[in-house]
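[1] my questions concern the predicted model and sequence given below.
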Amino acid sequence: MLLLDGVALTDSGRPVLAPEELELRVLEKTDVEFGVRRGGLVAAPDERYRGGIAFLTTHRLIWLDQPALPRSGRSCSLHLSRVTRASPVPLKMFGSRTKRHALRCRASGGLGPSDEAGELVLAFRGEGPESFARRLDDALAARAWRDEEPAPTGTVTRRGDGDGSRARNAIPSFPRARDTARLETTPAGPAAAPPPPPLGPSADQRASAADAARAASATRARHAGVGGALHRQRAVGAQDERTLGRAFTDMSALMRTAGELVSLAERFANATARRTPSDFSSRDDSDANDATAQTSDGSSDDVSREMREMLVSLGIASPVTKASAGALYHRQLSRQLADWLPAALARNGGILALPDVFCLFNRARGAELVSPEDVLKACQLWQSLGISTVQFRRFDSGVLVAHAADRSDDEVCAALAEALTNEPADPSSAAKEKTRARMDAFAASEALGVPPAIAREYLAMAEGHGILCRDEGPETTWFYPNRFAEFETRGGSTRVR
């Protein structure tokens, strides 16, 4: 039976792609049919896998078990190097109208003794498979999974070089080789026939030469003076238009190059993260150079950390687009955003306003920009898709934010209460107990590590929980610890508990 590989999924349920692997097309409502010989995963062989999502990349054909997402379930993948032939299945006159695409595959060789060559059929019960089949043929023709082989080079020693020190990395052309063979086989001496005398140009050749001379004279006249300057300016403009046309026409090649640069940056960042501090500077064994070595190690650590952050933030190698995802665009965009966002939240206090998410996410996507409505819909889909790593929230004032799932209101209230309760600055003061302070939105922003707009919302939230109380003054609104709960009334008099 035809056995397939498993698939590693992200926390949001998207397949984990290799650094050089790019996403080409996504189709839902796709079945994988193996026939009576069964196939699929080693642990779950079956005649058919139903109701999944087909992912086509430059390296693999991935089938996701949609009902089990974000868990893997029976999700599987087929490397395109195993595909020997791909063709559509003809529709029968009185048969099913479901469009199918058959893939003839060879055995993997590493999935067990029961793995053998067979045929895999994709049954598309939703969107039409024409675009998917076209992308599949392109991926099979491109063979992006193969490493580029270096161009063959040869060394040829020219006659008379002696020891061959003046070898060249080029093979002479066939005419030169034939001429050399002819010269080497031609007998030398007085018996050799002299070469025939060169013939003069014919009448047609002389007429062509005269026409060329007149055309050159007319060209020089056209390029002279003001008319020549205008002609050169028009020529430069036409060249610029052709260059821009080629640049925008070859946008797909540009995006592939950008994906390669991003993957290279990610590999460099991972290699930098694995290096130890001793790799960045060489220490001397003497005690006199210990301080210098430690200083060098510290500065190297800072430089490597900054370089790693810059490289990781370059962008997303394979962004989700409407052309590749089709009807699944917003759901796949939501999953990709959920995979990308935790790193950005960790660098920004665990919470970001939705406009900041929009700007940072578009910066990471490069030329494949998304609209604010797309980002809003993607964030609103997190709960329905079962994504638990990030959460979308709307404050009472209408401010929209995205924050990490482990950031709770209780932790924020505790952090604000701790920031408001400070030890006395003068330890010799008679007041040994903790003193009470006040806080505005900017002080809360500094204490929580979030923007002032979000800090203002957190202060209002803590006030609603009874942790803080406000004092609205002419300059700003101050928040104090809520001490009303510490008072009690007995017999008409109020006292502190």
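    The structure has been received and is ready for your questions. Bear in mind the structure is a predicted one, so any value in this text is a computation, not a measurement. Residues are numbered from 1 along each chain as shown.
[2] grab the nearest non-local neighbour of L9.
    Of all residues not flanking L9 in the chain, S72 sits nearest, at 5.3 Å (Cβ to Cβ, 6 or more residues apart in numbering). In this view, the C-beta of every residue, glycine as well, is placed from N, C-alpha and C.
[3] wait, the one you found touches V7, no?
    Yes: the pair S72 / V7 is scored as a contact, 6.2 Å apart, by Cβ atoms under 8 Å.
[4] what about these two, which has more around it?
    Per other Cβ atoms under 10 Å, whichever of S72 and V7 has more neighbours is V7, with 21 against 17.
[5] verify the contact between that one and S77 for me.
    Yes: here V7 reaches S77: they are 4.9 Å apart, a contact under Cβ under 8 Å.
[6] what do these two both touch?
    Residues touching both V7 and S77 (Cβ atoms under 8 Å, 6 or more residues apart in numbering): P15, I62.
[7] now the element after the host helix or strand of R363, going C-ward?
    Here R363 sits within helix 354-365, counting by DSSP states H and E. Using DSSP H and E, the helix or strand that follows helix 354-365 towards the C-terminus is helix 372-380.
[8] tell me the angle that next one makes with helix 354-365.
    Orientation check (axes from the mean of the first three to the mean of the last three Cα atoms, to 10 degrees): helix 372-380 against helix 354-365 gives 100 degrees.
[9] put the alpha carbons of helix 372-380 into CSV.
    Output of helix 372-380 as CSV, limited to C-alpha atoms (Å, rounded to 0.1, in the frame of the first residue of the first chain):
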residue,chain,number,x,y,z
PRO,A,372,-7.3,46.6,8.3
GLU,A,373,-10.6,44.7,7.7
ASP,A,374,-8.7,41.5,7.0
VAL,A,375,-6.7,41.8,10.2
LEU,A,376,-9.8,42.5,12.2
LYS,A,377,-11.6,39.4,10.8
ALA,A,378,-8.5,37.3,11.3
CYS,A,379,-8.4,38.3,15.0
GLN,A,380,-12.1,37.7,15.5
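[10] which positions in it come out as buried?
    Buried residues in helix 372-380, counted by 16 or more other Cβ atoms under 10 Å: D374, V375, K377, A378, C379.
[11] and for stretch 113-129?
    Buried, per 16+ other Cβ under 10 Å, within stretch 113-129: D115, G118, L120, L122, A123, F124, E127, P129.
[12] least confident pick among those?
    For the buried residues of stretch 113-129, the weakest pLDDT value sits at E127, with 83.
[13] which secondary structure element of the chain has the lowest mean pLDDT?
    helix 174-185 (a mean of 42; mean pLDDT, DSSP states H and E).
[14] ok so, going back, ok, the buried residues of helix 372-380 vs W145, which is closest?
    A378 (30.3 Å; Cβ to Cβ).
[15] I'd assumed L333 was in contact with the closest one.
    Yes: between A378 and L333 a contact is recorded at 4.7 Å, counting by Cβ under 8 Å.
[16] export stretch 55-63 as PDB, just CAs?
    Extracted in PDB, the C-alpha atoms of stretch 55-63 (Å, rounded to 0.1, in the frame of the first residue of the first chain):
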ATOM      1  CA  PHE A  55      -2.000  22.300   0.900                       C
ATOM      2  CA  LEU A  56       0.300  22.500  -2.100                       C
ATOM      3  CA  THR A  57       3.800  23.800  -1.500                       C
ATOM      4  CA  THR A  58       7.000  23.800  -3.700                       C
ATOM      5  CA  HIS A  59       8.100  20.600  -2.000                       C
ATOM      6  CA  ARG A  60       5.100  18.700  -0.700                       C
ATOM      7  CA  LEU A  61       1.400  17.900  -1.100                       C
ATOM      8  CA  ILE A  62      -0.100  18.200   2.400                       C
ATOM      9  CA  TRP A  63      -3.500  17.000   3.500                       C
END
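[17] so what touches it?
    Taking Cβ under 8 Å, 6+ apart as the rule, stretch 55-63 contacts 7, 15, 17-18, 20-26, 30, 32, 49, 52-54, 64, 75-80, 83, 103, 132, 135-136, 139, 142, 144-145, 318.
[18] buried subset of the residues you listed?
    7, 15, 17, 20-26, 30, 32, 49, 52-54, 64, 75-78, 80, 83, 103, 132, 135-136, 139, 145, 318.
[19] just the ones of these in strands?
    23-26, 30, 32, 49, 52-54, 64, 76-78, 83, 103 (DSSP state E).
[20] now the strands: where do they sit in the stretch 351-497 of the chain?
    Under the criterion DSSP state E, counting those that start in this stretch, the stretch 351-497 of the chain carries strands at the ranges 351-353, 390-394, 400-404, 421-422, 435-436, 468-472, 477-481, 487-490, 493-496.
[21] quick one: the third one to helix 372-380, angle?
    Strand 400-404 runs at 40 degrees relative to helix 372-380, counting by the same axes, to 10 degrees.
[22] pLDDT on strand 400-404, on average?
    93.
[23] with the first one instead?
    Mean pLDDT, taken over the full extent of strand 351-353, equals 92.
[24] and it, what does it pack onto?
    Packing partners of strand 351-353 (3 or more Cβ pairs under 8 Å, 6 or more residues apart in numbering; DSSP states H and E): helix 329-346, strand 400-404, helix 452-464.
[25] buried sites along the shortest one?
    Read that as strand 400-404. L400, V401, A402, H403, A404.
[26] now stretch 357-372
    Buried, per 16+ other Cβ under 10 Å, within stretch 357-372: V357, F358, L360, F361, N362, A364, R365, G366, E368, V370.
[27] then stretch 444-460?
    Neighbour-count burial for stretch 444-460, counted by 16+ other Cβ under 10 Å, picks out 444-445, 447-448, 450-451, 453-460.
[28] looking at the strands of the stretch 351-497 of the chain, which has the lowest confidence?
    strand 435-436 (a mean of 46).
[29] now G228: how far from V236?
    13 Å (Cβ to Cβ, to the nearest Å).
[30] show me which of those two is the more surrounded one.
    G228 (14 against 10).
[31] could you list the low-pLDDT ranges of the stretch 351-497 of the chain?
    422-436, 486-497 (pLDDT under 70).
[32] could you redo the last one with a cut-off of 80?
    Regions of the stretch 351-497 of the chain meeting the criterion pLDDT under 80 cover residues 421-437, 484-497.
[33] still on that earlier bit, in JSON lines, list the buried residues of helix 372-380 along with distance to A417.
    Compiled in JSON lines, those are given as follows (distance: Cβ to Cβ, whole Å):
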{"residue": "D374", "distance to A417": "39"}
{"residue": "V375", "distance to A417": "34"}
{"residue": "K377", "distance to A417": "37"}
{"residue": "A378", "distance to A417": "35"}
{"residue": "C379", "distance to A417": "30"}
